[in-house]
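S.K.: just the structure for this:
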Amino acid sequence: MAFDLSLTEEQEALIQTARDFTKKEIIPVAAHHDETGEFPRKILDKAWKTGLTNIEVPEAYGGLGGSCLEHCLIQEEIAYGCLAFNTSLAANMLGSMPVIIAGTDAQKQEWLGRLTRDGQIAAYCCSEPDAGSDVAALSTKVTRHGDEYVLNGQKRWITNGGVADWYTVLATFDRGLKHKGIACFVVDAKTPGVRTGRKEDKMGQRASNTCDVLFEDVKLPKSALIGAEDAGFKIAMKTFDRSRPWIAAGAAGVIRRALDESRAYALERKTFGVPIAQHQAIQFILAEMAIAYETTRLLTWKAAWSVDKGDIASIVSAYAKAYGADAAMRVTTDAVQVFGGYGYTKEYPVEKLMRDAKLLQIYEGTSQIQRVVIARNLLGR
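M.R.: Here you go, the predicted structure:
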């Protein structure tokens with residue numbers, strides 16, 4: 001029988017490793033990092049040593065050589081503990097994805113080796129003050145001078161921006177060419193002319209580092225170019241096609257956490273002489289949460305399966321991200337409602353879940369952009 005949703009023993013072991021790590025290392029400190037905004041470098045180092053990072057980096061370059069599905073299985077578990085921790089790990093993989101997709105063997109040995117061998121962190125520099133969803137509108141400028149390139153521009157909302165050891169950067173030779181003028185480069189964070197802006201003070205996912213990355217007359221060797229000079233836009237789109245299931249996996253994790261917290265509280269909290277779990281109004285909320293979790297997880301798995309079988313541009317990734325992000329926002333809002341006044345305080349974790357979930361609807365293509373992609377697919381058949 002070809003259709004089978006069961007996991008292998010190795011995949012089950014991966015889940016258990018990630019679940020144990022989350023319970024021991026992340027959940028106890030998540031509130032602290034949320035409150036202070038402190039980047040959890042030590043814990044991410046432990047995740048690297050435990051084998052929970054660089055999942056999709058090929059074994060030839062020191063990675064796990066895992067599938068997109070296996071990456072998503074781990075991400076759900078990490079997001080269950082804290083979405084910000086998961087975003088930091090996912091952004092590291094995102095930063096390395098252009099190298100995996102289009103890098104030369106030498107580039108892969110160098111840059112992916114830094115991640116797997118040295119535990120370095122990468123970041124993906126795409127968004128700009130005036131170019132978020134519209135990648136073709138970016139204005140970071142690159143000029144060629146003999147065998148050198150010179151980079152000038154400003155990137156915004158860069159996850160891991162202030163803590164990364166290296167970046168993959170999208171820049172344009174000529175804005176008039178739109179997507180045809182865009183190239184992709186790999187840039188060491190210590191290169192002269194590279195600096196970072198202030199860390200953003202965010203509503204949620206506060207433990208993840210988000211800031212501007214600025215390039216001022218940054219000189220790059222020819223070896224810094226990833227792919228061809230006009231291949232940057234295609235590399236960016238392929239990167240997003242690979243990464244959208246990851247966002248859905250994070251959504252599944254936060255939905256499951258909200259459900260577990262709400263269920264436990266509903267069985268414990270009493271009104272009118274009985275646990276609130278006995279009131280149908282609460283039962284229906286919990287049932288909707290369970291439906292949302294199962295749906296998001298199945299869409300995530302299907303999207304990851306599509307990637308793993310080579311259907312990188314599968315529309316299911318957009319379905320999974322759009323549905324999962326919106327469901328996570330709805331479920332975490334309902335979790336606060338189940339807790340009532342207590343849910344609105346920091347005494348319980350559900351208010352953090354709600355704040356963290358909001359970003360799922362925004363980064364890597366807003367929920368509205370996903371619908372644009374889906375509608376084009378439907379109407380363009």
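
S.K.: hey, where'd the strands end up in the protein?
M.R.: Counting by DSSP state E, the chain has strands at residues 122-125, 141-145, 148-159, 166-172, 182-188, 194-199, 210-221, 225-226, 270-271, 274-275.

S.K.: neighbours of the residue nearest to residue 88 when sequence neighbours are not counted, how many?
M.R.: Excluding the flanking residues, the one nearest residue 88 by CB to CB, 6 or more residues apart in numbering is residue 208, at 4.8 Å. To be clear about C-beta, it is placed using only N, CA and C from the backbone, and glycine gets the same treatment. Neighbour count for residue 208, taken as other CB atoms under 10 Å: 28.

S.K.: what sits against residue 208?
M.R.: Each residue near residue 208 by CB atoms under 8 Å, 6 or more residues apart in numbering is listed here: 39, 84-85, 87-88, 91, 159-160.

S.K.: now do the helices in this protein.
M.R.: Here the chain has its helices, by DSSP state H, at 9-21, 30-36, 41-50, 68-81, 83-102, 105-107, 113-118, 232-268, 280-308, 316-339, 350-358, 367-379.

S.K.: average pLDDT for the shortest one?
M.R.: Rounded to a whole number, the mean pLDDT of helix 105-107 is 97.

S.K.: picking that back up, buried only: go through the contacts of residue 208 for me.
M.R.: Using 16 or more other CB atoms under 10 Å as the burial test, these include 39, 84-85, 87-88, 91, 159-160 as buried.

S.K.: show me the domain layout of this structure.
M.R.: Taking automatic domain parsing as the criterion, the chain consists of the domains 9-121, 123-233, 234-379.

S.K.: nearest to residue 3, out of those domains?
M.R.: Of all the domains of the chain, domain 234-379 sits nearest to residue 3, with 11.0 Å by CB to CB.

S.K.: list the buried residues of stretch 337-353.
M.R.: The neighbour-count check on stretch 337-353 (16+ other CB under 10 Å) flags 337-339, 343, 348-353 as buried.

S.K.: and of the residues you listed, the nearest to residue 262?
M.R.: Taking CB to CB as the measure, residue 262 lies nearest residue 338 of the buried residues of stretch 337-353, at 4.4 Å.

S.K.: is it correct that the closest one is in contact with residue 285?
M.R.: Yes - Residue 338 is within contact range of residue 285, at 6.0 Å (criterion: CB atoms under 8 Å).

S.K.: between those two, which contacts overlap?
M.R.: Common neighbours of residue 338 and residue 285 (criterion: CB under 8 Å, 6+ apart): residue 262.

S.K.: any idea how far residue 233 lies from residue 157?
M.R.: Here residue 233 is placed at a distance of 19 Å from residue 157 (CB to CB, to the nearest Å).

S.K.: actually residue 136, sorry about that
M.R.: Distance, residue 136 to residue 157, by CB to CB: 17 Å.

S.K.: do residue 181 as well
M.R.: Note on residue 181: its distance to residue 157, by CB to CB, is 22 Å.

S.K.: now swap in residue 215 and tell me
M.R.: Separation of residue 215 from residue 157 (CB to CB): 16 Å.

S.K.: more neighbours: which of these two?
M.R.: Taking other CB under 10 Å, residue 215 and residue 157 do not tie; residue 215 has more neighbours (25 against 19).

S.K.: go ahead and confirm that one touches residue 196.
M.R.: No - using CB under 8 Å as the test, residue 215 is too far from residue 196 to be in contact (10.7 Å).
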